[in-house]
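# sequence first, then the predicted structure:
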Amino acid sequence: MVADLLRLKLTLLRNGLRRSPWQLVGLAIGALYALGLVGTGIAGLVLLRHADAATAQTVVVLVGAAAILGWAIVPIIASAADMTLDPARFTTFAVPMPQLLAGLALAGLIGIPGAATSLVALATVATWSRGIPAAAGALAGAVLGVLTCVVVSKIATAGTAGLASSRRFKDASAIAFLIPLVLMGPILAGLTRGIAASTGFLAELAGILAWTPAGAAWALGGDLAAGNYWQGALKFLIAAATLAALAWLWKLLLQRALVTPPYAGTAKKKSSGLGFFGLVPATPAGAVAARSLSYWLRDPRYAGALVVVPLLPVLLFFQASQTGFYGILQAVGPLTAFLLAWSIASDVSYDSTAFALHVSTGVRGVDDRLGRAAACLVFALPVVLVFSVAPMFLTGQWQLLPGIVGLSLGVLFSGLGLSSVVSARYTVPVPLPGDSPFKKPPGNVAQTLAVQFGGMAVLLLLVSPEVLLVALQLAGGGPVFGWACLALGPVLGLALFAAGVRLGGRWFDARSPELLAQLAVNR
Amino acid sequence: MTFDQPSGPVPALALRGLAKRFGPKIAVDGISLDVPAGSFYGIVGPNGAGKTTTLSMATGLLRPDFGMALVHGVDVWRRPLEAKKLMGILPDGVRLFDRLTGAQLVSYAGLLRGMDRAVVASRVAELLAALDLSQDAGTLVVDYSAGMTKKIALASALIHAPRLLVLDEPFESVDPVSAANIRDILDRYVASGGTVIVSSHVMDLVQRMCDHVAVVANGRVLAAGTVDEVRAGASLEDRFVQLVGGRSHSEGLEWLRTF
């Protein structure tokens, strides 16, 4: 039975790849990336063989504990857990519980994360190959540790399955997770500085962790190498008991899950009135704008982009405080303009097959383009203006203000025009409606990259006059260039915007059924 | 290729040699069909017969490889905006803008068609009441059940009072009471001169509800006409099985009786 489950997992993996060669390319890219990480990890652990035992112990225990933590957290926040062997699908087969548990646990090791963790964990045997007991201890620790990783992730998935199937929780957790992710740089920098300031902290932390369920397994090799056989034996007991307790807990959760499938749709949001639909002009373009605005606020895939915007100045400010070059803050206006304008380039892809409504109602391309761009402008214009002016209070370089405002407006309008053209012609694989914004979408990675980079290159070309004027002023050309940019930016931007909406609209009218067919591929 | 122009009144929907190929598979293999104005037309066929593909091509959602579709004489693929004004469409297997509330979604469909705000508001209220969705007008469509989702999509297709309604699997997962309500609405609509096309594989329903029927299998029309013509004295279900074939005679599976 265990072998059957493993074979099932392999078959599912293989059939998934057979669906399209691009899936294989995706897997290969993922595997290469993981191989790089794993290679570095293994090399580091092998090199640690020659380090002194205390350092090696600290590193191994900390990394191991971090791995267990990662396996526990990732399935909860990313809601991207691998559900190919969802226990709920075995409900009707009456598989004996012990076999089901063993099979699912081992099957959890198949796949990139499982294989990578196993390989790195086994490399600790090399670190502790300083004697037979130490190596044997490291091997036992690695096996216990990896199994703990897998079981912990299963518990996390099973435990939050009820929560995770509620739409509210999914929406909220996806956005909440984004904030630390964006601020990763500053947080890591702060942490490393704090740790560097208090030497010996890491060793102490590792010492404590080694006695907890998270670190005990990983400490086995080190203890035996140092000759602390009693400590080693105790930690082995802790690690084994941890695994047994976790397995027991998983069994309980699984037994419950098998008879009570998660109930979806508990969260019901009531709102009366028509929201944005009551505020916009009653035209097709107005309706499209109202729909887009509702989505900017309600769909986590859009709202995620909105959360990033206020974090952008924080990031740049951090960058500036690191380097002491506060001039970079003035880039926040044009940068935000670019980010927001480009974000609607995949607007139609985000619609997925709901786009059929636009095709079946026969909305004109110009109205569709204009509505989507207008929705973005409603908040992008004030935000970009504020972000262009506010940094001047900090830097005091008011003579740059006209140039920066001109550049920001130029980028915003030209970008919206370009996005209107791009989204009428190209679809890119994006997370489907209702999926986590972090979920890797199925489909063609190469085309996504081509559209993204091609689009950015074209945009750079479109705003090159404004960029040139600002550069000339920065190079000492006097304020006249800045004022010229303030005049040119909005004029050229609006012209390109109008041209983009018209061209995009014409393409849309000619090809909307083909666009829908492209969207149907990835639904 | 030339086709005979039908004599007499202009049909609500005329398909002429529609064909579509997906890779090596021919999904629709030259379908020609006349749907008379004022008829309640059922399209039945086994799974994968090409019903959805045909209706998508007839309504302007999927460009055909060959052939043409005329709605009240307007070519869907030459003059799409005009043709789409005449049609209300309930497609099967596509998503809705489900982060809108039910009332917002139906209003959206109306406003997209360029309707007046006051007209949209009054029709939305009436449609939601008729489809028993007034209670849930303010709930996001993503939180709707499958049957409610079908009903709200139907409301979106009705809002602009089209002359032709094309409904792909309209009764799937709709509860019996709502289905009866929908049937009443459609019957009244047909009685006042509208045309309805429904696809389904519930033969019983089609026999009771429709006056015309076409049997489609493997991308071809096997039989078409009034329900009485097609079923030729037998029940529609028997006639369908006879036309489509594929009934396996229950040889084998002996072990199924050995429990």
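Sure, I can see it.

# please make it C-alpha for all contacts and neighbour counts, starting now.
Noted.

# quick one: residues contacting B:V10.
By C-alpha atoms under 8 Å, 6 or more residues apart in numbering or on different chains, B:V10 lies in contact with B:36-37, B:72-73.

# one more time with 10 Å
Residues in contact with B:V10 (C-alpha atoms under 10 Å, 6 or more residues apart in numbering or on different chains) are B:34-37, B:70-73.

# and of these, the nearest to B:S173?
Among these, B:V35 lies closest to B:S173 (C-alpha to C-alpha), at 26.5 Å.

# tell me which residues form a beta bridge with the nearest residue to that closest one once chain neighbours are set aside?
Leaving aside its sequence neighbours, B:V35 sits nearest to B:L13 (C-alpha to C-alpha, 6 or more residues apart in numbering or on different chains; 5.1 Å). Counting by DSSP bridges, B:L13 forms beta bridges with B:V35, B:V71.

# hang on, the earlier thing: wait, which of the contacts of B:V10 is closest to chain A?
Nearest to chain A among the contacts of B:V10 is B:V71, at 13.6 Å by C-alpha to the nearest C-alpha.

# pull the helix or strand with minimum mean pLDDT from chain A.
helix A:167-182 (a mean of 66; mean pLDDT, DSSP states H and E).

# confirm that A:A282 lies within a strand, as I assumed.
No. Secondary structure of A:A282 (DSSP: H, G, I helix; E, B strand; the rest coil): coil, not part of a strand.

# just give me how far stretch A:471-479 sits from the chain centre.
Distance, stretch centre to chain centre, for stretch A:471-479: 39 Å (C-alpha atoms, centre = their mean, to the nearest Å).

# buried ones in it?
Neighbour counts over stretch A:471-479 (16 or more other C-alpha atoms under 10 Å in any protein chain shown) mark A:472-473, A:479 as buried.

# hmm, B:G194 and the residue nearest to B:V35 touching each other?
No. Between B:L13 and B:G194 there is no contact under C-alpha atoms under 10 Å: 11.8 Å.

# mind checking which of the two has more residues around it?
Per other C-alpha atoms under 10 Å in any protein chain shown, whichever of B:L13 and B:G194 has more neighbours is B:L13, with 26 against 20.

# tell me the pLDDT of the more buried one.
On the pLDDT scale, B:L13 is placed at 95.

# now do the same contact list for it.
Taking C-alpha under 10 Å, 6+ apart as the test, what B:L13 contacts is B:33-37, B:58-59, B:69-76, B:87, B:164, B:166, B:195, B:197.

# filter the contacts of B:V10 down to the buried ones and hand me the ChimeraX line.
A single ChimeraX command selects the buried members of the contacts of B:V10 (16+ other C-alpha under 10 Å):
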select /B:34,35,36,37,70,71,72
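
# start to end distance for stretch B:209-225?
Distance across stretch B:209-225, first residue to last, is 15 Å (C-alpha to C-alpha, to the nearest Å).

# pLDDT of it, averaged?
93.

# so for stretch B:94-113, mean pLDDT?
93.

# please apply the same query to stretch A:2-17.
On average, stretch A:2-17 scores 79.

# circling back to that earlier point, so which of the buried residues of stretch A:471-479 sits lowest on pLDDT?
Lowest confidence among the buried residues of stretch A:471-479: A:P479, with 87.
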